[in-house]
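Peer 1: Fold the following, please.
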Amino acid sequence: MEKKQKALMIVNMLRDFIEPDAPMEVSSGRKIIDNIAGEITYARQKGRPVIYLIDAHDKDEPEFDLWPAHAVRGTPGAEIIEALAPIPGDHVVEKNSYSGFYHTELDSLLEDLEVGELLICGVMTNVGILYTAVGAIMRGIGVVVPETCSAAMTEQDHLFALRQINEVLTNPATRRWKKGDEES
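Peer 2: Numbers count the residues shown, from 1 in each chain. Model (predicted):
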């Protein structure tokens with residue numbers, strides 16, 4: 001059966017990324033909230049799955065050697081911002097690495113929902129979004145990352161990740177792997 005379902009994925013729109021002075025503050029992330037809210041409304045109207053992919057860390061996460069402690073389970077900073085809060089029927093997938101596919105149930109969720117294309121929004125374009133996009137594309141799932149619905153800590157990082165996604169990963173001339181294909 002060919003997958004045809006489109007789904008919306010919102011990455012790390014958490015208090016620890018969006019609120020002023022948060023440990024992982026992406027100030028430009030506040031500028032995309034209304035755009036993402038519009039995408040959520042549209043997806044729900046079309047009956048498309050809405051998936052929240054969120055960091056959920058333990059207190060002693062190795063990642064904190066590189067980044068400030070953030071999105072620690074059970075803390076207010078790990079909560080999805082109120083303006084984009086999930087409703088019953090939405091899906092929330094916790095992750096503790098850059099990729100949403102690494103040791104999570106995302107792969108099986110997308111299989112169950114028969115997702116063939118993801119519209120990915122949120123923060124950070126150059127980390128969680130980019131590495132999750134790579135994982136999706138390597139599984140044969142199409143990816144779209146709107147510039148106006150994603151953000152990174154710097155404009156440079158944001159534009160770099162968008163170029164990687166749009167010019168390298170999703171370019172049909174460079175996309176060689178699909179789920180089930182084997183390299184020669």
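Peer 1: Tell me, please, the helix or strand in the protein that averages the lowest pLDDT.
Peer 2: Using mean pLDDT, DSSP states H and E, strand 142-144 stands out as the lowest-scoring helix or strand of the chain, at a mean of 93.
Peer 1: Give the next helix or strand downstream of that one.
Peer 2: Counting by DSSP states H and E, the next helix or strand C-terminal to strand 142-144 is strand 150-151.
Peer 1: Tell me the first helix or strand C-terminal of that next one.
Peer 2: Downstream of strand 150-151, the next assigned helix or strand under DSSP H and E is helix 155-163.
Peer 1: Now do the buried residues in that next one.
Peer 2: Within helix 155-163, the residues that count as buried by 16 or more other Cβ atoms under 10 Å are 157-158, 161-162. Just so you know, the C-beta spots here come from the backbone N, C-alpha and C atoms, and that holds for glycine as well.
Peer 1: repeat for stretch 141-149
Peer 2: So, applying 16+ other Cβ under 10 Å, buried residues of stretch 141-149: 141, 143, 145, 149.
Peer 1: Repeat that for stretch 36-46.
Peer 2: Within stretch 36-46, the residues scored as buried using 16+ other Cβ under 10 Å are 36-37, 39-40, 43.
Peer 1: Can you name the residues in contact with stretch 100-110?
Peer 2: Under the criterion Cβ atoms under 8 Å, 6 or more residues apart in numbering, residues 7, 9, 11, 51, 53, 91, 93-97, 118, 128, 131-132, 135-136, 139, 141 lie in contact with stretch 100-110.
Peer 1: same thing with stretch 76-90?
Peer 2: By Cβ under 8 Å, 6+ apart, the residues outside stretch 76-90 that reach it are 10, 13-16, 18-19, 22-23, 33, 36-37, 40, 44, 49-52, 54-57, 70-72, 92.
Peer 1: how about 7 Å then?
Peer 2: With Cβ atoms under 7 Å, 6 or more residues apart in numbering as the test, stretch 76-90 has contacts from 10, 13-16, 18, 22-23, 33, 36-37, 40, 50, 52, 54, 56, 70-72, 92.
Peer 1: Need the CA coordinates for that stretch. PDB is fine.
Peer 2: The C-alpha coordinates for stretch 76-90 follow below in PDB (Å, rounded to 0.1, in the frame of the first residue of the first chain):
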ATOM      1  CA  PRO A  76       7.700  23.900  33.300                       C
ATOM      2  CA  GLY A  77      10.300  24.400  30.500                       C
ATOM      3  CA  ALA A  78       9.500  21.000  29.000                       C
ATOM      4  CA  GLU A  79       5.900  22.100  28.400                       C
ATOM      5  CA  ILE A  80       4.600  22.900  24.900                       C
ATOM      6  CA  ILE A  81       3.800  26.600  24.700                       C
ATOM      7  CA  GLU A  82       0.200  27.300  25.400                       C
ATOM      8  CA  ALA A  83      -0.500  29.000  22.100                       C
ATOM      9  CA  LEU A  84       0.300  25.700  20.300                       C
ATOM     10  CA  ALA A  85      -0.900  23.200  22.800                       C
ATOM     11  CA  PRO A  86      -2.000  19.800  21.600                       C
ATOM     12  CA  ILE A  87      -5.600  18.700  21.800                       C
ATOM     13  CA  PRO A  88      -7.100  15.200  22.100                       C
ATOM     14  CA  GLY A  89      -6.300  13.200  19.000                       C
ATOM     15  CA  ASP A  90      -2.900  14.900  18.400                       C
END
